[in-house]
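>>> Please work out how this folds:
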Amino acid sequence: MLIRFVASSFETLIEVAMWLVLLIGAIQGYALGRGSLIGALVGVVLALIFDVVVFGTLVVLLDIRNELKKLGRTPPAA
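You can find the predicted model right below:
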């Protein structure tokens, strides 16, 4: 039962982590850019690149998992 809970909540956990990385990147960019909007934008872009590199494979695996779940629910063709 715990395994199913962890597997079902994994997608939500990854999405929350990705949003947190973007938010932290914007805050850090704003702070390092001495309060400028351009610094915040640079921070978001760098955080997005980090998200793609780090979380990209996990998102692909989650997509494969969801597609396999959908495939298992469809009735077989006659």
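
>>> How is Gln28 assigned, secondary-structure-wise?
Assigned with DSSP: H, G, I helix; E, B strand; the rest coil, Gln28 falls in the helix class.

>>> secondary structure element for the residue nearest to it when sequence neighbours are not counted?
Distances taken as C-beta to C-beta, 6 or more residues apart in numbering place Gly43 nearest to Gln28, at 5.2 Å, with adjacent residues excluded. No exception for glycine: its C-beta is placed from N, CA and C like everyone else's. Gly43 belongs to helix 37-73 when assigned by DSSP states H and E.

>>> Please name every helix or strand in contact with that helix.
helix 2-32 (3 or more C-beta pairs under 8 Å, 6 or more residues apart in numbering; DSSP states H and E).

>>> ok and the helix it packs on relative to helix 37-73, angle-wise?
Orientation check (axes from the mean of the first three to the mean of the last three C-alpha atoms, to 10 degrees): helix 2-32 against helix 37-73 gives 160 degrees.

>>> Can you tell me how far Ala31 is from Gly39?
8 Å (C-beta to C-beta, to the nearest Å).

>>> More neighbours: which of those two?
More crowded of Ala31 and Gly39, by other C-beta atoms under 10 Å: Gly39, with 17 against 12.

>>> does the more buried one really touch Ala26, like I thought?
No. Gly39 lies out of contact with Ala26 (C-beta atoms under 8 Å); the separation is 9.1 Å.

>>> From the chain's centroid, how far away is stretch 60-72?
Offset of stretch 60-72 from its chain centre (C-alpha atoms, centre = their mean, to the nearest Å): 16 Å.

>>> again with stretch 9-19
Taking mean C-alpha positions (C-alpha atoms, centre = their mean), stretch 9-19 and its chain are 6 Å apart.

>>> for stretch 48-65, same thing?
6 Å.

>>> Buried residues in the helix holding Gly43, which are they?
Gly39, Ala40, Val42, Gly43, Val44, Ala47, Asp51, Phe55, Leu62 (16 or more other C-beta atoms under 10 Å).

>>> Kindly indicate which of those residues lies nearest Phe10.
Leu62 (7.1 Å; C-beta to C-beta).
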